[in-house]
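**Student:** got a predicted model here, sequence first, then my questions.
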Amino acid sequence: MKAVHSPTHRPRPPRQDPQRGVILLVALIVLLVMTLTGLAVVRTSTQGAGMAGSLALKQGATSGADLGLERGMAQLDALYSAGSATLEADADSGYFASHDPGAPLDWSQAKLVTEDDGLGNKVEFLIHRLCRDAGRWDAAGQSCVLPQELDCPGPSETAGSASSCNARPMYRITARATGPRSTLSLVQMTVY
């Protein structure tokens, strides 16, 4: 004989707890935190590379400005070799026989060294004789900045007077390099 099952007696599958989605929520939060961390790392490394690039451009512009100082020194030596009369008046080569310390530098009169120094820098310089007026540096009433030599007796007491051991006044050479991405470097040197 066959066993008869009643229609009400069926085997049931084991009962499962209803899923609440807590694991899904935790996984989404972890994914969000990882994404934000990744974006922060990318941003930081991009900024670091940008700053390193800017620093490299600034160093390149400063090297270009140093070239301007060297050319300015050579120009001043050439003017000095040509005789003192060439130093008493302004010249087209970016040389000025007098300087007003309150006036801004006029870069339209600068001597162009190079339009591109190989690093993309435009280099130019200005030379200022540190005297109040053009003309002879030792003329009566002239006021110039003079070097103080170790064996000189001391600074002059009156305006326009000069110590016998000072052969010429001081000069200031200012060089400017304008580079890529608006990089600007100014360097100065004072010589006599």
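**Tutor:** Arrived safely. Residues are numbered from 1 along each chain as shown.
**Student:** neighbours of residue 186, just the number please.
**Tutor:** 14 (other C-beta atoms under 10 Å). Using the backbone N, CA and C atoms, a C-beta is placed for each residue, glycine as well.
**Student:** what is the helix or strand residue 30 falls within packed up against?
**Tutor:** In the assignment (DSSP states H and E), residue 30 maps to helix 22-81. The elements that helix 22-81 packs onto, with contact taken as 3 or more C-beta pairs under 8 Å, 6 or more residues apart in numbering; DSSP states H and E, are helix 84-87, strand 95-96, strand 111-114, strand 122-129, strand 171-178, strand 184-191.
**Student:** give me the sheet partners of the last one and which way each runs.
**Tutor:** According to DSSP bridges, the neighbouring strands of strand 184-191, each with its direction, are strand 171-178 (antiparallel).
**Student:** report the inter-axis angle for the strand it pairs with versus helix 22-81.
**Tutor:** If you take axes from the mean of the first three to the mean of the last three C-alpha atoms, to 10 degrees, strand 171-178 sits at 140 degrees to helix 22-81.
**Student:** now the angle from strand 171-178 to strand 122-129?
**Tutor:** Angle of strand 171-178 versus strand 122-129, following the same axes, to 10 degrees, is 160 degrees.
**Student:** can you give me the neighbour number for residue 143?
**Tutor:** If you count neighbours by other C-beta under 10 Å, residue 143 ends up with 17.
**Student:** got the phi/psi numbers for it?
**Tutor:** phi -130, psi 110 (degrees, to the nearest 10).
**Student:** quick revisit: give me the mean pLDDT for the helix holding residue 30.
**Tutor:** Per-residue pLDDT over helix 22-81 has a mean of 83.
**Student:** and for stretch 99-107?
**Tutor:** Throughout stretch 99-107, pLDDT has a mean value of 82.
**Student:** please apply the same query to stretch 141-156.
**Tutor:** Looking at stretch 141-156 alone, the average pLDDT works out to 67.
**Student:** mean pLDDT lowest for which of the helices and strands packed on helix 22-81?
**Tutor:** The stretch with the lowest mean pLDDT among the helices and strands packed on helix 22-81 is helix 84-87, which comes in at a mean of 79.
**Student:** for that helix, buried residues please.
**Tutor:** Of the residues in helix 84-87, residue 87 count as buried by neighbour count, 16 or more other C-beta atoms under 10 Å.
**Student:** dump that helix to CSV, keeping only the CA atoms.
**Tutor:** Backbone C-alpha positions of helix 84-87 (Å, rounded to 0.1, in the frame of the first residue of the first chain) are rendered in CSV as follows:
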residue,chain,number,x,y,z
SER,A,84,84.8,108.6,-17.8
ALA,A,85,82.8,110.8,-20.2
THR,A,86,80.7,107.8,-21.3
LEU,A,87,79.7,107.3,-17.6
